[in-house]
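Visitor: What shape does this take:
(chains A and B)
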There are 2 protein chains.
Amino acid sequence: MEKLNWIAVDWGTSHLRVWLMDDQSKVLQHLASDRGMSSLKPEEYEATLIEMVGDALPDQGSIPVICCGMAGSRQGWAEAPYGKAPCTPPSIDAATRVSTKVSRISVFILPGIKQLPAADVMRGEETQIAGFLAENSDFDGVICLPGTHCKWVHISAGEVVSFRTFMTGELFALICGSSVLRHSVDDEGWDAEAFDAAVSDAISRPAAIAGNLFSIRAESLLSGLSAAAARSRISGLLIGIELAAARPYWLGQDVVIVGESGIASAYEVGLIQQGAMARRVTAENMTLNGLRAAHAKMVEIAQ
Amino acid sequence: MEKLNWIAVDWGTSHLRVWLMDDQSKVLQHLASDRGMSSLKPEEYEATLIEMVGDALPDQGSIPVICCGMAGSRQGWAEAPYGKAPCTPPSIDAATRVSTKVSRISVFILPGIKQLPAADVMRGEETQIAGFLAENSDFDGVICLPGTHCKWVHISAGEVVSFRTFMTGELFALICGSSVLRHSVDDEGWDAEAFDAAVSDAISRPAAIAGNLFSIRAESLLSGLSAAAARSRISGLLIGIELAAARPYWLGQDVVIVGESGIASAYEVGLIQQGAMARRVTAENMTLNGLRAAHAKMVEIAQ
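Guide: The predicted model follows:
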């Protein structure tokens, strides 16, 4: 293997992604695990990481490890206190240094961002934003980051000006996986027409959501609604009410969607249906670029 | 014990309630268990019931057992095909007779009601409605039945004219028990002011629900929002958007709430805040009265 120079880590609630980097910040190896924050105690983080990367560490010297995400939360590896919006995405100079038993790693955790009033928080997305801004320094507009907790972020002059989080992805997972609607959906299949109709319906009658959700169960019992249509309608209803509430963010704005392909595409379709302009970039690339920017700053400071 | 004459059963998704009745339909004994539909296969219903009531059965003759609820669903004990709205609440003459191995019981399951178009279904609530109408035969108005799946039912001339179901109770349980908000709530405590404010907020901005829910998490992290306030706000937001969507049901109507005390009280407070008139009756009494009415009809038919 080429020589390991530093390690990039995205440590979220349910996932752990690790990239071994050379001295040009090119990826030597990508590793992934499901050992996210929700399955770990604070004292288990170091061993979990060493288990994944220990063999790659050199015998001498110490390799920088730069982490973003929930590892920096109060229940995580070590608390990395939030930056406060409006602010630039926090970088390595605001990171929390974590002491480790193993001396061959030097661990830094990047902070998230908080907002008060209109209380809100992010951890991980600020690094994706930093990654996007590293290549689009003049961007003035809105970044939408769909996922478990979708964020809408207003960016101006390189700063996170304000943001708003919606629990849409988590509600979708709970409704499809644990509610009575679990009997009406399956994991596969997509019905674009059902999704479109549900987005429109939710935007015009947002309050009806809990009734419209139950209708899916009733139609599945009485009219043989397909599992694909049911799942697409749940998604459309939830994304639809979010788009209705997030209108001040996207209306007349340059919108960039940072997300995995399936969910990013659903948001894109919904936005286009509402007459908005949106383009997509890949979440993983943005995370990696954000961590690279933090590493570049570390090198710059050291010089 | 006084002499057992018949058995009333409310067999729901997560509960089983049984009342042993004398020949005046007075309750001799009340039994309850958590062996609801979701924990039973069709072939396990009979043994479950016999386990509870077997000792009380006489050596000779056959005791009528009248059931309502999810025992009559396709995944239940035996399917009791729905009546179709508009209709009177189905009674014993529409019940499904279930064959049993044990000859000392004669089991009948009351049907639910379906509605098409505006697809919707109920199982169990129709018997509570029958129980209410047994004592209020001239009622013309709306019955609200809060619970896992809250029903709003328009009643006229003794018939269920139309109804609409909201998944509000199920969403509340999932959000408090399984979402990220589980860290911000606990099972006890109530903050009436937080509930009231959330109801108003949800009615004026229903689309913001998924964002307002996440704000609770953020305020709990950043501003020390209490667990009682968090839980009351989740309840207020969900009941608030339901009240907004159900306005055509309650506006200017005589509303009767049939439910357990805690949740019925929350709906009553929300309705009164919106200037509606509402009164409450106890759900269990209505179930029992509905089953009594079915039994009385059985006796009448036999004569």
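Visitor: A:Gln273 is in contact with A:Trp250, correct?
Guide: No - counting by CB atoms under 8 Å, A:Trp250 does not reach A:Gln273; the two are 11.9 Å apart. (Each C-beta comes from the backbone N, C-alpha and C, glycine too.)
Visitor: Neighbour count: the two, which is higher?
Guide: A:Trp250 (22 against 16; other CB atoms under 10 Å in any protein chain shown).
Visitor: list the contacts for that one?
Guide: A:Val142, A:Cys144, A:Trp152, A:Leu243, A:Leu271, A:Gln274, A:Ala276, A:Ala278 (CB atoms under 8 Å, 6 or more residues apart in numbering or on different chains).
Visitor: do that again at 10 Å, thanks
Guide: A:141-142, A:144, A:152, A:243, A:267, A:270-271, A:274-278 (CB atoms under 10 Å, 6 or more residues apart in numbering or on different chains).
Visitor: That one and chain B, how far apart?
Guide: Distance of A:Trp250 to chain B, computed by CB to the nearest CB, to the nearest Å: 13 Å.
Visitor: all helices for chain A, in order.
Guide: Remark: helices assigned in chain A by DSSP state H are A:45-53, A:125-135, A:168-178, A:192-204, A:209-222, A:227-245, A:247-250, A:261-273, A:283-302.
Visitor: Can you measure across stretch A:48-65, start residue to end residue?
Guide: End-to-end distance of stretch A:48-65 (CA to CA, to the nearest Å): 13 Å.
Visitor: Please point out which parts of it sit buried.
Guide: By 16 or more other CB atoms under 10 Å in any protein chain shown, the buried positions in stretch A:48-65 come out as A:Thr48, A:Leu49, A:Ile50, A:Met52, A:Val53, A:Leu57, A:Ile63, A:Pro64, A:Val65.
Visitor: same deal with stretch A:114-126?
Guide: Residues A:Lys114, A:Gln115, A:Ala119, A:Asp120, A:Val121, A:Met122, A:Arg123, A:Gly124, A:Glu125, A:Glu126 are the ones in stretch A:114-126 that count as buried (16+ other CB under 10 Å).
Visitor: Restricted to strands, list the residues you listed.
Guide: Among those, DSSP state E puts A:Lys114, A:Gln115, A:Asp120, A:Val121, A:Met122 in strands.
Visitor: In contact with the fourth one, which residues?
Guide: To tie it back to what came earlier, the one meant is A:Val121. A:73, A:82, A:85, A:112-115, A:149, A:151, A:163, A:165, B:214, B:217-219, B:221-222.
Visitor: and it, bridged to which residues?
Guide: Legend: beta-bridge partners of A:Val121 under DSSP bridges are A:Lys114.
Visitor: ok, now which ones touch A:Leu4?
Guide: A:Leu20, A:Met21, A:Asp22, A:Asp23, A:Leu28, A:Gln29, A:Val53, A:Ala56, A:Leu57, A:Pro58, A:Ile63.
Visitor: what about stretch A:62-74 and chain B, any contact?
Guide: Yes - interface with chain B: stretch A:62-74 contributes A:Ser73, A:Arg74 (CB under 10 Å from any CB of the partner chain).
Visitor: Report the rounded mean pLDDT for that stretch.
Guide: For stretch A:62-74, mean pLDDT is 97.
Visitor: From chain B, how far off is A:Phe195?
Guide: Counting by CB to the nearest CB, the separation of A:Phe195 from chain B is 17 Å.
Visitor: Verify the stated contact: that residue with A:Ala230.
Guide: No - with contact defined as CB atoms under 10 Å, A:Phe195 does not count as touching A:Ala230 (11.0 Å).
Visitor: hmm, back to that, could I get the helices of chain A as a markdown table with mean pLDDT?
Guide: As requested, those are exported to a markdown table (pLDDT from 0 to 100):
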| stretch | mean pLDDT |
| --- | --- |
| helix A:45-53 | 97 |
| helix A:125-135 | 98 |
| helix A:168-178 | 97 |
| helix A:192-204 | 97 |
| helix A:209-222 | 97 |
| helix A:227-245 | 98 |
| helix A:247-250 | 96 |
| helix A:261-273 | 95 |
| helix A:283-302 | 96 |
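Visitor: In JSON lines, list those along with distance to B:Val180.
Guide: JSON lines is the format used below for those (distance: least, CB to CB, whole Å):
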{"stretch": "helix A:45-53", "distance to B:Val180": "20"}
{"stretch": "helix A:125-135", "distance to B:Val180": "15"}
{"stretch": "helix A:168-178", "distance to B:Val180": "7"}
{"stretch": "helix A:192-204", "distance to B:Val180": "22"}
{"stretch": "helix A:209-222", "distance to B:Val180": "19"}
{"stretch": "helix A:227-245", "distance to B:Val180": "16"}
{"stretch": "helix A:247-250", "distance to B:Val180": "22"}
{"stretch": "helix A:261-273", "distance to B:Val180": "18"}
{"stretch": "helix A:283-302", "distance to B:Val180": "19"}
